[in-house]
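> what would the 3D arrangement of this be:
(one chain, ligands or ions: 2)
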Amino acid sequence: MARISWNQYFMAQSHLLALRSTCTRLAVGATIVRDKRIIAGGYNGSIAGGVHCIDEGCYVIDNHCVRTIHAEVNALLQCAKFGVPTEGAEIYVTHFPCLHCCKSLIQAGIKVVYYAQDYKNHPYAEELFKQANVRTEKVVMAEDAVDPDFSAKRELFDELLIKLEATGTTKEELLNYSEKIDKLFERKV
Ligand SMILES: [Zn+2]
Ligand SMILES: [Zn+2]
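Numbers count the residues shown, from 1 in each chain. Ligands and ions are numbered 1, 2, ... in the order given. This is a model prediction of the structure:
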């Protein structure tokens, strides 16, 4: 079994955190790393003890949900709350940071931003990162990084489809199955 890389490992952590998101509009996860150690993590959600978008619906103003604190800021605030320095740290985020988070990350001394997915990348955010010498790098999750059997499973499904076709399954049924399989294996990020 191949050993998972640091980038894949930390990004996987952010994807896991995104599953904790309480906003229905977008699920984002962020992991702050220093010297190859995770020092904080966050996801986009309400303030502690507040109502959740998943329960009450989003509170949208000007097309933005104002209820949630973004994942990056939540991770930074976790460091603030417990007195953990972020100077020179790196962050792994599932989505390219918004303008507000970009400024917060720069101001907190984050030096590298790894992101899995472009997301309305603001040209001003890109410019600010450059000015501040903050490196941004896209890290795409390899399909087999968290599931070493990914390819074998896909192949097995394809084999079964061929077998089904040979047993006289109708075209519609086959199409139905193959669509379901594609959906199951589609890249989520
Ligand atoms: Zn929301
Ligand atoms: Zn943000």
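> count the neighbours of the closest residue to Ala27 other than its chain neighbours for me.
The spatially closest residue to Ala27, leaving aside those adjacent along the chain, is Ser21, at 3.7 Å (CB to CB, 6 or more residues apart in numbering). (Each C-beta comes from the backbone N, C-alpha and C, glycine too.) The number of residues packed near Ser21 is 22, by other CB atoms under 10 Å.
> separation between Ser21 and ligand 2?
12 Å (CB to the ion, to the nearest Å).
> quick one: that residue from ligand 1, how far?
With CB to the ion as the criterion, Ser21 and ligand 1 are 9 Å apart.
> which residues does that residue contact?
By CB atoms under 8 Å, 6 or more residues apart in numbering, the contact list for Ser21 reads 27-29, 43-45, 71.
> and Asn121, what helix or strand is that in?
If you go by DSSP states H and E, Asn121 is not part of any helix or strand.
> in this structure, which residue is closest to the centre?
Thr94 (2.5 Å; CA atoms, centre = their mean).
> what parts of the chain come near ligand 1?
23, 53, 58, 65 (CB under 5 Å from the ion).
> was I right to think the last one contacts Cys23?
What it means is Cys65. Yes - Cys65 lies in contact with Cys23 (CB atoms under 8 Å); the separation is 5.5 Å.
> find the residues that touch each one of those two.
Common neighbours of Cys65 and Cys23 (CB under 8 Å, 6+ apart) are 53, 58.
> these two: who's more crowded?
Under the criterion of other CB under 10 Å, the comparison of Cys65 against Cys23 puts Cys23 first, with 22 against 18.
> A helix includes the more buried one, no?
No - according to DSSP: H, G, I helix; E, B strand; the rest coil, Cys23 belongs to no helix; its state is coil.
> so who does it touch?
44-45, 53-54, 58, 65, 67-68.
> tell me the pLDDT of the residue nearest to Ala27.
pLDDT for Ser21: 96.
> next one: Gly83
98.
> please apply the same query to Met141.
85.
> run a quick check on it versus Met11, I expect a contact.
Yes - counting by CB under 8 Å, Met11 is a contact partner of Met141 at 5.7 Å.
> find residues that contact each of these two.
Looking at what touches both Met141 and Met11 (by CB under 8 Å, 6+ apart), the common residues are Ala116.
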